[in-house]
Structure formats: structure tokens, C-alpha cells
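Participant: Okay, sequence plus prediction incoming.
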Amino acid sequence: MNRGTTRDEQYNAGNMESMTLPDRMAMIRVDGAGGPETLRYESAPLPVSAAGPAEGEVLIHVRAAGINRPDLMQRSGLYPPPPDASPHLGLEVAGEVVALGAGVTTLQQGEKVTALTNGGGYAEYCTVPATQCLPYPEGFDDIRAAALPETFFTVWANVFMLGGLRKGERLLVHGGSGGIGSTAIQLASTLGATVYATAGGAEKCAACRAWGASESIDYKTENFADAVAEFTGKKGVDVILDMIGGSYLAGNIRSLAVGGRLVTIALQGGTKGEADLARVMTRRLTLTGSTLRPRSREEKAAIARALKEHVWPLLAAGRIGPHVHAVFPLHKAAEAHRLMESGAHTGKIILTTDG
């Protein structure tokens, strides 16, 4: 693939000095909605003009990027990006800041950051709002840093901010063996909650317990609502982090304690289900949910600040950390998508660039 020649580009924003950047970069483009075969490894212009990044944004030389289920949904045509977002895949990256937009004072050229993107992370260069960047935790390399943003932003926003999980409460995590699930288990148990998790198969259930779940439930052979009732003496759990949706709704409502909160963040089991509204009323339950990508920059910045204060010290101390299942070079993104679709992974799948 022809990536073009290099050029000297002067960015007159902040205290930037002139730097050499390539004319073009390698990236992954989706060639029509469909399966992994629609992913194309191509050459493309850098995602900035000659004037540099937009106000409040930075250009990152991407070293590694995380794969997330919304990427698969977008590739399939089921999850279109917001109107102001990049049309390309990739919601989290790690790498070096190489250019600053006007008004950016919190980051410097050459600084290593991990970032929640607005799309476009499957590439050698990506633009990101500066407020969605966080420093590498001490001791982290590119691959482990790239495994952080999407899962930790999602878990903090939904389990702790929206779900209001507190020390001493009980949390049920559906899909405990994936990137979000493993993050939720580790973070909640470390912060003093009792965690139960569902997963498919003995190996994945064992992984959930190794990450900090008190009990794990094999959804292939067990009824999770029955198991929760047994584990809690029929008291139920205070918060459920749900990635299944409709098909689990009745069981989730049955599993909640008085004052419990159900937080739905994905719909792998459909958009519709039956709800026992009498139980919702008498037990004062809250049914809510959210998506991360359409949130405003201000909301994402608030999540980033909370993570830096409450979670980054735990990562630096080694008390929690991402579990990386597999690493693929960027040009093998289709293989990485096939692995995620197979469900044979535990934890995160990462792409690395050649640069």
C-alpha cells in the first residue's frame, strides 16, 4: 500500500513546533454494511487540514486501538455514528500526541495518552477532543493502555454514576467475561461491592471469579435469576449491568433488591421484553440505560476527570487492570472482528499499527 511521502507541516496552535508528518496513513474502511469481509486496509489522507486539529482537539499518532462490540454493529449497519462523529471505526486508541488544536493547554506534543475517540481509531492517526485523553497509567505499554478507555468510561458512567453503586452493595454483571464485564467485576469488587457475573461456559465463569466475582453463573446451564436468589438469600442485587436487554428483562426485574437499579447498555437479546410492573412499583425499582458515544463532550470530560481521580491510581498500583486476550496488526482487523463475533475471547482484543 502506498502511504505517500512525508512533508514538513507547521501547526501554529499553542506552543507547537514544526514537525514532520506523512501525507497519508494506513486505516481501515468499511466497504458497505456486512460482515468482517467488508473491512478494507487502505491508504487515506490524515484526518486534519494543513491548519492542524480543530479547536480543542489533538492529533494522535496511534500505536494501538481497541475493538469493541459497537464497532461490529456499525460495520453491520446496525449502529450508525452520531452526525458529528467520524464515519470510521475505532472508539479507543493509545499513542503520542503529535499536534494540538487551538485552546489545548492540558497536553503537550510527544505526550503518551489513551483516549476515547469519536470514531476513526482504526488508523495510524486519529483526532480526539483533548478532554477525552488520559495519560498512560504508570507501567502501562501501548497495548494495555489502548484497552482502557471504552470499557472504563462505560463502566464508570453506568455502574457508578447512573447506577449509583456503593461500597457494600451487590452488583450483577451480565457478560462478565468480555471487556466491559471484566472491567466492571474488577472495579466494583475493588471498591467494596459484592459482584456476581454471568458467562458462557466453565472457563469463562472461572475467569470471572479470578477477576473478583464472588460467584459466577453459567447462563448456558443455569437460570441466572434462580442463582441470584440463592446467592443473596432471596434479597436480590442492588445494581445490574445488563448487555442483553429484552430477553433478560423479566429475570433482571426478579433479581433486583428493594430500591434496585437495572442499567441496560446493550441489546444483544433484543429490544423488547415483559416487565412485572407490580414488582417494579412495590420494590421501588429503577429501570434505566444509556449509550456512551452520543454523549456530549462535557459529559465525557466529566467521566474522564472522575476516572483520573478514582480509577487511574488503582491501575497504576496494579490493583486492577485490563485483560488482553489477543493482539492483531491493523491489516488483520477482519480476523479480529471474527474472533469477537465468535465469542471465544475473554477480555479485550487489540489492533496495533505498523508505525
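Facilitator: In hand now; what should we look at?

Participant: so residue 293 sits in a helix?
Facilitator: No: looking at residue 293 with DSSP: H, G, I helix; E, B strand; the rest coil, it is coil, so not inside a helix.

Participant: Hmm, residue 89 and it touching each other?
Facilitator: No: look at residue 293 against residue 89 with CB atoms under 8 Å: they stay out of range, at 11.9 Å. Glycine gets a C-beta too; all of them are placed from N, C-alpha and C.

Participant: Please name the strands paired to the stretch of helix or strand residue 20 belongs to in the sheet, noting orientation.
Facilitator: Following DSSP states H and E, the helix or strand that holds residue 20 is strand 19-22. According to DSSP bridges, strand 19-22 forms sheet pairs with strand 6-9 (antiparallel).

Participant: okay, residue 293 and residue 89: which has more neighbours?
Facilitator: residue 89 (28 against 18; other CB atoms under 10 Å).

Participant: Quick one: residues contacting that one.
Facilitator: 28, 30, 39, 71, 74-75, 119-122, 333 (CB atoms under 8 Å, 6 or more residues apart in numbering).

Participant: Need the buried ones from the residues you listed selected in ChimeraX.
Facilitator: Filtering the contacts of residue 89 down to the buried ones (16 or more other CB atoms under 10 Å) takes a single ChimeraX command:
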select :28,30,39,71,74,75,119,120,121,122,333
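
Participant: Can I get the contacts of residue 89 in JSON lines including pLDDT and distance to residue 312?
Facilitator: Shown next, in JSON lines, are the contacts of residue 89 (pLDDT from 0 to 100; distance: CB to CB, whole Å):
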{"residue": "28", "pLDDT": "98", "distance to residue 312": "29"}
{"residue": "30", "pLDDT": "98", "distance to residue 312": "33"}
{"residue": "39", "pLDDT": "98", "distance to residue 312": "32"}
{"residue": "71", "pLDDT": "97", "distance to residue 312": "25"}
{"residue": "74", "pLDDT": "96", "distance to residue 312": "28"}
{"residue": "75", "pLDDT": "98", "distance to residue 312": "31"}
{"residue": "119", "pLDDT": "97", "distance to residue 312": "24"}
{"residue": "120", "pLDDT": "98", "distance to residue 312": "24"}
{"residue": "121", "pLDDT": "99", "distance to residue 312": "20"}
{"residue": "122", "pLDDT": "99", "distance to residue 312": "25"}
{"residue": "333", "pLDDT": "98", "distance to residue 312": "28"}
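
Participant: Just the ones in strands from the contacts of residue 89, please.
Facilitator: Of those, the ones assigned to strands by DSSP state E are 28, 30, 39.

Participant: Verify the stated contact: residue 107 with residue 59.
Facilitator: No: using CB under 8 Å, residue 107 is not in contact with residue 59, being 10.8 Å away.

Participant: No further queries at this time; thank you.
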